[in-house]
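Trainee: Structure, please.
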Amino acid sequence: MTKLLETFYGDLSKLKLNQFPCGTGNWRLEDDPGYVDYHKGEVNQETLFSLEELAHSEVFNVKSDWSDDITSLRQLAIKKPQVISEQFIFQHFTTLRLVDRNINEVDRGLLKFTNLQELSLTGNCLTSVVGAHLPKSLTVLQLFANKFTDLRELTINPPPNLQHLGVGYNQLTDLTSYMSPYYWPNLLSLDLSHNKIGQVMPTLQALSKLHSLRNLSLISNPITLAPGYRGCTLDMIPQLQILDDVSISDDDRLHFTNISKEAVEWDQAILTINFPVLENLRQPPENEALDEANFHYPIQKKFGYLIRFRFVCDGEIENTKPGSQEKDKLPGTVPSIQVSSTPEIAPDNLVLPSSPASKEIEEVIAPSVEEKSSVGGVFETEAVAWESNPQFLKPVLVRCSNLTELEEFLNGEVQFTVVEKVIESFTAIAPPDPSSPTPTPSGQKKKGGKDDKKKKKEDPGSKVLKDKDGNILKWVDRSPTFNEIANIKVNLKPLLSVGMTTGKTQCTVTEKPPAVTPLPEDGRQSAASAKGGKGGKKGGNKKKVATPVPVTPPEPLRMEYKLERVRWNNLQDCKVWCQTSDAATTTNHTITTAPL
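Mentor: Numbering: from 1, shown residues only. Next comes the predicted model:
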């Protein structure tokens with residue numbers, strides 16, 4: 001274990017306060033030009049100047065970035081070396097910056113620094129610091145980039161005059177028990193950036209008790225992903241002047257007045273995902289024409305195109321499994337205002353990524369996985385009919401109440417997959433309709449009507465299909481099939497920093513290329529060649545071999561996307577989204593599982 005005081009002594013020895021040109025030695029003899037008569041208190045000014053120059057020269061210069069008091073201490077060691085003692089040194093230091101020194105303990109020896117005002121222990125291995133081990137004169141304490149998970153021991157008799165506390169880049173998750181004016185009566189500035197604080201209302205309620213607080217930083221904490229984070233903070237801590245390095249104006253406070261009193265799920269993030277256009281989508285094959293005269297009704301195919309992706313989300317969606325009468329609660333929800341399709345839950349044999357922040361989010365097949373271990377859901381846009389450049393005008397809306405999990409997910413990538421949805425339809429004999437009227441016998445008149453010969457002309461579009469036996473036919477749809485066409489991977493980190501990421505990217509095509517036109521079978525001849533052609537001899541011509549049709553490579557498929565975090569700019573935005581959320585809870589959603 002490396003203690004703070006041991007590190008200090010090691011740095012102090014490198015100052016060489018008792019070595020030339022500092023301190024006293026044989027260069028201070030009476031016959032030496034630099035002799036000092038301590039009794040008279042007179043010094044040779046020229047020699048003293050030379051010693052000071054030597055102290056700043058490259059040869060005798062020392063590292064002094066770990067304190068602002070080193071230069072003045074070395075000057076005293078030259079001018080008045082007789083005053084240099086251990087007690088004097090401890091009293092002399094007002095600032096200490098022991099950065100990245102592998103310190104893992106702050107011992108009671110730090111109390112020797114009776115005049116210490118600023119202490120920085122950034123980049124060490126500290127898991128805790130006892131507040132009673134800190135000098136009472138301390139006003140600035142920097143504990144960035146350590147291994148703190150809580151501040152419990154720091155609140156044990158901390159310095160009463162502390163004005164700034166920096167504990168960013170740690171693993172703090174909960175502050176509700178440590179932010180009290182009893183511990184920090186004079187705290188003006190608090191830096192909690194880059195931690196794991198994920199509860200909006202409990203955190204702000206605790207911070208609102210620090211009546212002296214003027215500067216607060218919660219940058220890169222999960223709670224900043226909530227749409228009402230900034231407004232709620234300004235409303236609950238009105239004395240703040242700077243929030244997340246941005247000054248607060250009177251207009252900002254006015255826009256968010258009383259927003260914290262709204263009945264809102266404050267720990268929920270909302271993201272909108274749009275796909276304005278998909279360029280160069282290849283045309284699907286055409287269906288075979290109907291031949292009603294010969295009662296030939298081929299299978300018809302309807303093609304639709306959608307974009308599917310997996311995203312972390314929350315909520316409960318009712319999903320009825322085939323053959324089951326009970327509804328299962330599965331993760332993933334889509335509010336009613338979003339006009340996109342409902343998110344789909346991955347199949348039972350699909351294991352979702354355990355580390356959303358990894359470089360690649362891949363699907364791993366496993367024999368059996370419990371549904372409760374699944375993270376997030378599969379979302380998809382509404383299927384649209386084919387166009388060369390189809391547009392998905394309706395956005396996908398994603399809500400997530402686990403802000404910490406969402407932050408980890410946004411540190412990675414998401415894969416958008418272009419999927420072709422194919423529904424095959426075939427004809428089958430329709431069952432008799434008991435509600436249909438009994439046909440009127442021929443030769444009779446309808447009551448109060450006209451003869452059957454004077455019927456109205458039938459609409460061609462409503463013409464009933466019948467087979468050769470006169471049975472009425474209907475079209476029956478099979479279960480849709482999904483074919484993956486292409487995909488892209490998008491980096492989500494800009495959503496954390498600027499709240500939005502957008503672009504147009506060429507997709508990676510994953511579908512199989514179209515088959516080449518097959519050659520005719522051996523021995524196959526045209527009718528003309530078999531008969532020798534027009535007026536020719538039988539079998540006079542050689543068989544003709546068809547030339548394969550060259551396959552033209554398709555133009556690159558490009559996808560335009562836009563992902564954005566919802567942020568409320570005023571109280572009215574909050575109310576609108578609250579109404580939206582209430583409407584979403586009354587809407588029933590169904591999910592059709594369809595693996596990619």
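
Trainee: which residues does the closest residue to residue 221 other than its chain neighbours contact?
Mentor: Among residues not flanking residue 221 along the chain, residue 197 sits closest, at 4.4 Å (CB to CB, 6 or more residues apart in numbering). All C-beta spots, glycine's among them, are computed from the backbone N, C-alpha and C. Contact analysis of residue 197 by CB atoms under 8 Å, 6 or more residues apart in numbering lists 172, 173, 174, 175, 203, 218, 221, 222, 223.

Trainee: Extract the residue ranges of this protein that are flagged as low pLDDT.
Mentor: 1, 17-62, 78, 287-288, 291-295, 314-375, 433-463, 512-554, 581-596 (pLDDT under 70).

Trainee: Packing partners of the helix or strand encompassing residue 483?
Mentor: Residue 483 is part of strand 481-491 when elements are defined by DSSP states H and E. Under the contact criterion of 3 or more CB pairs under 8 Å, 6 or more residues apart in numbering; DSSP states H and E, strand 481-491 touches strand 413-429, strand 500-506, strand 508-509, strand 558-565.

Trainee: Could you list the buried residues of stretch 492-511?
Mentor: Going by neighbour count (16 or more other CB atoms under 10 Å), the buried part of stretch 492-511 is 492, 495, 496, 501, 507, 509.

Trainee: Need those residues in a markdown table (columns: distance to residue 163).
Mentor: Formatted as a markdown table, the buried residues of stretch 492-511 follow (distance: CB to CB, whole Å):
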| residue | distance to residue 163 |
| --- | --- |
| 492 | 37 |
| 495 | 34 |
| 496 | 30 |
| 501 | 38 |
| 507 | 54 |
| 509 | 60 |
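
Trainee: Nearest to residue 268 among these?
Mentor: residue 495 (15.5 Å; CB to CB).

Trainee: Could you pull up the residues touching the closest one?
Mentor: Taking CB under 8 Å, 6+ apart, we find residue 495 in contact with 271, 410, 501, 563, 564, 565.

Trainee: what about 7 Å?
Mentor: Residue 495 sits next to 410, 501, 563, 565 when contact means CB atoms under 7 Å, 6 or more residues apart in numbering.

Trainee: Could you do residue 137 as well?
Mentor: By CB under 7 Å, 6+ apart, the contact set of residue 137 is 114, 115, 116, 117.

Trainee: That one is in what secondary structure piece?
Mentor: Under the criterion DSSP H and E, no helix or strand holds residue 137.

Trainee: From residue 114, how far out is it?
Mentor: Look at residue 137 and residue 114: by CB to CB, to the nearest Å, they are 7 Å apart.

Trainee: Could you do residue 418 as well?
Mentor: 69 Å.

Trainee: neighbour-wise, which of those two wins?
Mentor: Ranked by neighbour count (other CB atoms under 10 Å), residue 418 and residue 114 place residue 418 first, with 24 against 12.

Trainee: isn't that one right next to residue 507, touching?
Mentor: Yes: applying CB atoms under 7 Å, one finds residue 418 in contact with residue 507, separated by 6.4 Å.

Trainee: Which neighbours do the two have in common?
Mentor: By CB under 7 Å, 6+ apart, the residues touching both residue 418 and residue 507 are 486, 487, 557, 559.

Trainee: quick one on the thing from earlier: most surrounded residue in the contacts of residue 495?
Mentor: Highest count within the contacts of residue 495 by other CB under 10 Å belongs to residue 410, 28 neighbours.

Trainee: Now that residue: closest residue in space, sequence neighbours ignored.
Mentor: In space, residue 410 is closest to residue 492, 4.5 Å off (CB to CB, 6+ apart).

Trainee: Contacts only, for the one you found.
Mentor: Counted by CB under 7 Å, 6+ apart, residue 492 has contacts 410, 412, 413, 414, 501.

Trainee: how near is residue 252 to residue 574?
Mentor: 14 Å.

Trainee: Correction: the previous question concerned residue 416.
Mentor: Look at residue 416 and residue 574: by CB to CB, they are 30 Å apart.

Trainee: So which residues of this structure form helices?
Mentor: Secondary structure of the chain by DSSP state H: the helices cover 4-13, 45-56, 70-79, 86-92, 200-207, 229-236, 250-255, 403-410, 494-497, 527-530, 571-585.

Trainee: Give me the residues contacting the fourth one.
Mentor: Counting by CB under 7 Å, 6+ apart, the neighbours of helix 86-92 from elsewhere in the structure are 12, 69, 73, 112, 113, 114, 115.

Trainee: Would you mark the buried spots in it?
Mentor: Judged by neighbour count using 16+ other CB under 10 Å, the buried positions of helix 86-92 are 89, 90, 92.

Trainee: Excluding its own residues, what touches the strand holding residue 483? List them.
Mentor: Residues from elsewhere that reach strand 481-491, judged by CB under 7 Å, 6+ apart: 413-422, 501, 505, 507-511, 557, 559, 561, 594, 596.

Trainee: What of stretch 232-248?
Mentor: Outside stretch 232-248, the residues within contact range by CB under 7 Å, 6+ apart are 200, 204, 207-208, 211, 213-219, 230, 252-253, 256-260, 266.

Trainee: wait, residue 5 sits on residue 108?
Mentor: No: Residue 5 is beyond contact range of residue 108, at 8.7 Å (criterion: CB under 7 Å).
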